[in-house]
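**Q** here's a sequence, model it:
(2 chains)
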Protein chains: 2
Amino acid sequence: MPKTELSHRAQNTPPSPIRKLAPLAIKAKKAGIHVYKLNIGQPDIESPEEYFEGLRLFDEKVIAYEESQGNERLCRAWSKYINRTLRIDTRPEQFIITVGASEALVFTFMTCCDPGDEIIVFDPTYANYLGFAAIAGIDLAPVLCDMEENFSLPERSRIADKITDRTRAILVCSPNNPTGTVCSKEELRLLFDLCEEHNLFLIVDETYREFVYDDFEPFSILNLEPNSERVIVIDSLSKRFSLCGARVGCLISSNEEVLASALKIAQARLAAPTMSQFASAYMLENIKDDFLQGVVNEFRVRRDALYAALKEIPGVIVQKPQGAFYTVVQFPVADADKFAAYMLDKFSYDGKTTFIAPAAGFYMQDSSQGLPQARVAYVLNKNDIEEAIGVLAAGLQSYSGK
Amino acid sequence: MPKTELSHRAQNTPPSPIRKLAPLAIKAKKAGIHVYKLNIGQPDIESPEEYFEGLRLFDEKVIAYEESQGNERLCRAWSKYINRTLRIDTRPEQFIITVGASEALVFTFMTCCDPGDEIIVFDPTYANYLGFAAIAGIDLAPVLCDMEENFSLPERSRIADKITDRTRAILVCSPNNPTGTVCSKEELRLLFDLCEEHNLFLIVDETYREFVYDDFEPFSILNLEPNSERVIVIDSLSKRFSLCGARVGCLISSNEEVLASALKIAQARLAAPTMSQFASAYMLENIKDDFLQGVVNEFRVRRDALYAALKEIPGVIVQKPQGAFYTVVQFPVADADKFAAYMLDKFSYDGKTTFIAPAAGFYMQDSSQGLPQARVAYVLNKNDIEEAIGVLAAGLQSYSGK
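**A** All right, here's what the predicted structure looks like:
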């Protein structure tokens, strides 16, 4: 019998650069080595007590399907939360609850694009966007951002040059994963104007919205354009409330057709998890704003510690991140993928090693751009970050001396 | 400004026939009418205490991402459960945990098919398969089953005739949603042989595996072909443990390439919900087999009540379902969609009405086949089912007399 062949798309889907080295980390852990996981956006912050309390208050006897568009109370609570923190006026009907921001992005890609259509993104790009694009059968058209410019948006003409007759949307993540860069109001305005001019959707991934430092304030495209039919906001509770494993995200739009289409896709997968949504609603209704202020302060401290520690390593190039909890770091190595694997597979210092995500997989256009770079997530506490970077520096020395 | 246009696929995705009348049901409920929901496979059975206990035992402070392939303990427990109940020998490494069977089907479609490829299904088909096909950009090639033959598989030549050079797989759901029909061992053997002959994958959706009545015993394609690289099993905890809202499903394969490709897609969406998986693992480790025996007995009683009640309504055609908890019923109406809407929108009897799912949306090839039919899910207790069918009979009389 001939062997059944897999689809080309299955064969062509790239493994996640964030997760592909995970087996080596598991191996290291099994060998008794402590692994500082700076590869993944999994904060160590305790999930809010209000979420656990919400879970305890769930008193249905049957864990039944939730509505496809999401728990009504959660939509109301989320809308209220956004209205309060951004001083805007969304309505619960504008929300569709999804299994994390991941699913919201898949729904959005499918709603905006037919197979073969393009969405403009900025390189380096959150690598999983490529996975969602593969799922939706669309192409990402990346515009390169310059590390020396702290990965801020390139000038308008360079973005406009990428627009073709297959382009359906511009997607920007701000504060940015993986670069930690924050879009200014002017940059968001520029993107929106480009979308107006070329009749495109503007998709803004605001998963890290509150994670901004120094002079930045949390700011949404909805502050600029609360009612535009072109705007689709992607949001998530994963990061700001340290609920990555709860898998609760949403898409927000004031475009009735977008919502109706996304709902049809949402109906096909029935519903997002019931208890997570119930607990999230309770949490959003009851949590105090100082929870998030405390979290953001903590991440500012971590960022400062990470930046200071990295600056001290000879040959390392790094910009100070403005938001989120990532930064893209250039190492004095030819291939950060090999270096990252070396750290897990061959190196430990005092029984410890550090896991970073090679950046090549974050460059859609030309992965050689990212070859010497890695994404570092500052998701551990200050001490651990300082330890982790110390171990990384030792590893680098050992790797370079090979 | 021109209006941003949605993708064709978004416009062409059909609304779920199970959920599209939901707004009318919500309206009826708001008007104080009790709605017997026989439209959706949401049993009223209490979720197992062991699941809730598992939730209570979760003592992590951070609800972190789970591994993309799923919680290791859950894979072990599920494999053990299947090995015990089917007397086979699966390994935990063969499992990928998904957000319900829905996500397992999407991963499977994407792994087996490129856009434009075809999967053979049997009409009437579980309507959401069409949604998954739309998501994956593939085509379903339906082979019609005959209501007079209790929707059993058609003869081999009629299936073989559907195979083209774009065909990649045959997908069968047994026990069947929406028909309640169970594949015999001989029928499964026939499908497998066809797949061998034409080098296709055989995808078996076993979500309802234990829900078989009369002389049937739970039986899996894995009993016939435990090690075939062509076989992909779709499974779910939703129905057998009344955990629809937990969203825990899986795909099972002994094909390393299928698993590796599905894992790449799984990595793009990060992970399935953490606490649901933790609680499911604990439940599978601790639940007694008599839980499920009790549930299946209860559904047999309901099936008998439903069948007896429907047989009494003049003009109604119905076959006795062999498994799952659905049956496709033919009503003496021209269009069951209109009748179902009438029941929700215009009719009530003693403050009650009955919600059924029009069957046209379950026929992929020729929806006119299903026009006078509806899927009825016997997910309520015997008394409620008798009441619901009584209300339905009264509604039918009133509708016919219009």
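
**Q** check the stretch 1-150 of chain A for the residue nearest chain B and tell me.
**A** Scanning the stretch 1-150 of chain A for proximity to chain B using Cβ to the nearest Cβ identifies A:Gly131 as nearest, at 2.4 Å. Where C-beta positions appear, they are placed from N, C-alpha and C, glycine not excepted.

**Q** helix, strand, or coil at that residue?
**A** Classification of A:Gly131 using DSSP: H, G, I helix; E, B strand; the rest coil returns helix.

**Q** per-residue confidence for it?
**A** If you check A:Gly131, the pLDDT there is 88.

**Q** neighbours of the residue nearest to it when sequence neighbours are not counted, just the number please.
**A** Excluding its sequence neighbours, the residue lying closest to A:Gly131 (Cβ to Cβ, 6 or more residues apart in numbering or on different chains) is B:Ala268, at 2.4 Å. When neighbours are defined as other Cβ atoms under 10 Å in any protein chain shown, B:Ala268 has 25 of them.

**Q** which residues touch B:Ala268?
**A** Shown in contact with B:Ala268 (Cβ atoms under 8 Å, 6 or more residues apart in numbering or on different chains): A:Thr13, A:Ser16, A:Ser102, A:Asn128, A:Leu130, A:Gly131, A:Phe132, A:Ala134, A:Ile135.

**Q** burial of the second one, as a residue count?
**A** A count of nearby residues for A:Ser16, using other Cβ under 10 Å, gives 24.

**Q** what about it, which helix or strand?
**A** Using DSSP states H and E, A:Ser16 maps to neither a helix nor a strand.

**Q** if we can go back for a sec, closest to A:His198 among the contacts of B:Ala268?
**A** The nearest member of these to A:His198, counting by Cβ to Cβ, is A:Phe132 at 22.0 Å.

**Q** pretty sure the closest one sits against A:Met110.
**A** No. Here A:Phe132 does not reach A:Met110: they are 9.3 Å apart, not a contact under Cβ atoms under 8 Å.

**Q** on that earlier part again, name the nearest of the contacts of B:Ala268 relative to B:Gln330.
**A** Nearest to B:Gln330 among the contacts of B:Ala268 is A:Ile135, at 38.2 Å by Cβ to Cβ.

**Q** dump the residue contacts of the nearest residue to that closest one once chain neighbours are set aside.
**A** The shortest distance from A:Ile135 to any non-neighbouring residue, by Cβ to Cβ, 6+ apart, is to A:Val106 (5.6 Å). Contact partners of A:Val106, counting by Cβ under 8 Å, 6+ apart, are A:Phe132, A:Ile135, A:Ala136, B:Ile135, B:Arg269.

**Q** Three-state assignment for A:Val35, please.
**A** When classified by three-state DSSP, A:Val35 comes out as strand.

**Q** correction: the previous question concerned A:Ile97.
**A** At A:Ile97 the chain is in strand, as set by three-state DSSP.

**Q** setting aside sequence neighbours, what's the nearest residue to it?
**A** In this structure, A:Ile97 finds its nearest non-sequential neighbour in A:Gly70, 2.5 Å apart by Cβ to Cβ, 6+ apart.

**Q** again with A:Met364
**A** Using Cβ to Cβ, 6+ apart, the closest residue to A:Met364 is A:Pro142 (3.9 Å).

**Q** helix, strand, or coil at the one you found?
**A** Going by three-state DSSP: A:Pro142 is strand.

**Q** what is the neighbour count of it?
**A** For A:Pro142, the neighbour count with other Cβ under 10 Å is 22.

**Q** try A:Asn150
**A** Using other Cβ under 10 Å, A:Asn150 has 17 other residues around it.

**Q** sorry, back to before: which of the contacts of B:Ala268 are buried, as a PyMOL select command?
**A** The buried residues among these can be selected in PyMOL (16 or more other Cβ atoms under 10 Å in any protein chain shown) with this line:
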select buried, chain A and resi 13+16+102+128+130+131+132+134+135
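
**Q** and the contacts of B:Ala268, which two are furthest apart?
**A** A:Thr13 and A:Ser102 (14.3 Å).

**Q** and A:Asp235, that's in a strand?
**A** Yes. Applying three-state DSSP, one finds A:Asp235 inside a strand.

**Q** contacts only, for it.
**A** Applying Cβ under 8 Å, 6+ apart, the residues near A:Asp235 are A:Trp78, A:Ile82, A:Ala101, A:Ala104, A:Glu206, A:Thr207, A:Arg209, A:Gly249, A:Cys250, A:Leu251, A:Ile252.

**Q** and of those, the nearest to B:Leu190?
**A** Comparing the contacts of A:Asp235 against B:Leu190 with Cβ to Cβ places A:Ala104 closest, at 42.2 Å.

**Q** what bridges to the closest residue to A:Pro178 other than its chain neighbours?
**A** In this structure, A:Pro178 finds its nearest non-sequential neighbour in A:Arg375, 4.1 Å apart by Cβ to Cβ, 6+ apart. A:Arg375 forms beta bridges with A:Val328, A:Ala357, as assigned by DSSP bridges.
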